[in-house]
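Enquirer: 3D model of this:
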Amino acid sequence: MLQTFRNLLRRRSRLILTGLGLSLLVAHAAQATIVERVVAVVGERAILLTDLKQRATPFLLKVYEQPLPDAQRNAAISQVYKATLERMVEEELEQRAAAQAHITVTSEEIDQALRVIASQNGIQPETLIEEAGRQGMNETQYRAELRRQVMQQKMANLRLQGRVRVTDDDIRASYQRLLMQERSQLDFRAAQIVIEIPPGADKATIQEKQELANSLRRRANSGEDFAALVAQYSDDQASKKFGGLLPTQKPIEQPENIARAVMNLDLGQTSRPIRHGHAFILLKLIERAPSSLPPYEDAKAQLRERVYMEKMGTARRTWLDSLKRRTHVEVRL
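Expert: Residues are numbered from 1 along each chain as shown. Here you go, the predicted structure:
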């Protein structure tokens, strides 16, 4: 759940409407005694509890609108505060670095960021500010949030951009991960050859069975009729009479080693021998539900941007960690 709230804290391009007003929090605040205390120290700068509560308000609203048991709600609130404070500490570290680099953010740059986000969401800037209000931020607070985001982008461009390089291999690897994620959910149908290993077999016998399975794979991928190979060599009598054909399944329903082998197959290909229990299994992919992913070349530009942002995130994390090591940081929450 902490990761979920971190993701909520780091979203930049879109405001998420909660549909819940501030009445619950306001009523609670009216009944409580305000206790000011320091929840973190970054260098010489103290982060106060009231500042933390104000920054956490939009995310607390998401907690309050959910019908959670008291214990679970209290745990969620604690996680929101922890994640929010972590971000505030990181922002203070960035602010210190920006001051040293003489980096500033002007009102015009904030106005431009406001227009860009509104345009991305197909609304007017005034409507965006109204939505921010429903999420728990007045215009001043929302513009302050935009200022932090613009500052973060400027510092990333200054300190991190030169450290990030995206190669074609990176892009292909990203596409392959997406492809595997999708294939794990797609229905498929395969045919199998099962080469049983006798109980108590010694290493030589196991090696012999594996070599047989390897030779059958080579023959299948060279174009030999798979059903004929099943009829001659498979030890699984249930599937043998159907040419080794198995029912339609999903990879996520299979043992991990079988799922991984199936997901890496293209139509018509036969897998390497899979050791499964007391047998080696060969799988030939007969059918797979169609993919919704665009071809690699069509997705390449978008993937490049995605990989770039992922690498920038990793570089930023490394940079922030180095700032923490060089700065006195004390968390008291």
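Enquirer: ok, the nearest residue to Arg115 once chain neighbours are set aside - how many residues close by?
Expert: Spatial nearest neighbour of Arg115, excluding adjacent residues (Cβ to Cβ, 6 or more residues apart in numbering): Pro125 at 5.8 Å. Bear in mind the C-beta positions are built from the backbone N, C-alpha and C, glycine included. When neighbours are counted by other Cβ atoms under 10 Å, Pro125 registers 14.
Enquirer: just the strands in the stretch 1-150 of the chain please.
Expert: Taking DSSP state E, counting those that start in this stretch, the strands of the stretch 1-150 of the chain run over residues 38-42, 45-48.
Enquirer: ignore the last one, the stretch 201-333 of the chain
Expert: Secondary structure of the stretch 201-333 of the chain, counting by DSSP E, counting those that start in this stretch: strands at 274-275, 279-288, 329-331.
Enquirer: Tell me which residue lies farthest from the centre of the protein.
Expert: Here the chain has its C-alpha centre computed as a mean, and the residue farthest from that point, by Cα atoms, centre = their mean, is Gln232 with 46.2 Å.
Enquirer: what separates that residue from Val39, distance-wise?
Expert: When Cβ to Cβ, to the nearest Å is the yardstick, Gln232 and Val39 sit 73 Å from each other.
Enquirer: One more: Pro290?
Expert: Between Pro290 and Val39 the distance is 52 Å, computed by Cβ to Cβ.
Enquirer: Same drill for those two, tell me which one is more crowded.
Expert: Neighbours around Pro290 and Val39, counted as other Cβ under 10 Å, are more numerous at Val39. The numbers are 21 against 6.
Enquirer: Please list all residues in contact with that one.
Expert: The contact partners of Val39, taken as Cβ atoms under 8 Å, 6 or more residues apart in numbering, are Ile47, Leu48, Leu49, Leu52, Leu85, Val331, Arg332, Leu333.
Enquirer: Determine which two of those residues are furthest apart.
Expert: Using Cβ to Cβ, the contacts of Val39 reach their maximum pairwise distance at Leu48 and Val331, which is 13.3 Å.
Enquirer: So what's the residue count around Gln269?
Expert: Counted with other Cβ under 10 Å, residues neighbouring Gln269 total 13.
Enquirer: Apart from its chain neighbours, what residue comes closest to it?
Expert: Counting by Cβ to Cβ, 6+ apart, the nearest residue to Gln269 once its immediate chain neighbours are dropped is Leu285, at 5.8 Å.
Enquirer: Just confirm the one you found contacts Gly268, I think it does.
Expert: Yes - counting by Cβ atoms under 8 Å, a contact exists between Leu285 and Gly268, whose distance comes to 6.7 Å.
Enquirer: and these two? which has more neighbours close in?
Expert: Between Leu285 and Gly268, counted using other Cβ under 10 Å, the more crowded position is Leu285 (20 against 12).
Enquirer: Tell me the predicted confidence for that one.
Expert: The confidence metric pLDDT takes the value 97 at Leu285.
Enquirer: cool, Gln135 as well?
Expert: Taking Gln135 on its own, its pLDDT is 84.
Enquirer: Show me the helices in the stretch 201-333 of the chain, by range?
Expert: Counting by DSSP state H, counting those that start in this stretch, the segments of the stretch 201-333 of the chain that form helices are 203-221, 226-233, 237-240, 256-263, 296-326.
Enquirer: for these, which one sits closest to Arg172?
Expert: Closest to Arg172 of those, according to Cβ to Cβ: helix 296-326, at 7.2 Å.
Enquirer: and Ser215, what does it touch?
Expert: Ser215 is in contact with no residue at all, counting by Cβ under 8 Å, 6+ apart.
Enquirer: Please report how far it lies from Asn221.
Expert: 11 Å.
Enquirer: cool, and Gln79?
Expert: When distances are taken as Cβ to Cβ, Gln79 and Asn221 turn out to be 51 Å apart.
Enquirer: of these two, who's got more company?
Expert: Under the criterion of other Cβ under 10 Å, the comparison of Gln79 against Asn221 puts Gln79 first, with 18 against 14.
Enquirer: so what pLDDT did that one get?
Expert: With respect to pLDDT, Gln79 has a value of 95.
Enquirer: distance of it from Asp321?
Expert: Computed as Cβ to Cβ, the Gln79 to Asp321 distance reads 21 Å.
Enquirer: same question, Ala289
Expert: From Ala289 over to Asp321 the distance is 43 Å, taken as Cβ to Cβ.
Enquirer: Check Lys82 too.
Expert: Distance of Lys82 to Asp321, computed by Cβ to Cβ: 18 Å.
Enquirer: more crowded one of the two?
Expert: Here Lys82 and Asp321 are set side by side on neighbour count (other Cβ under 10 Å), and the busier one is Lys82, at 17 against 11.
Enquirer: Alright, calling it a day.
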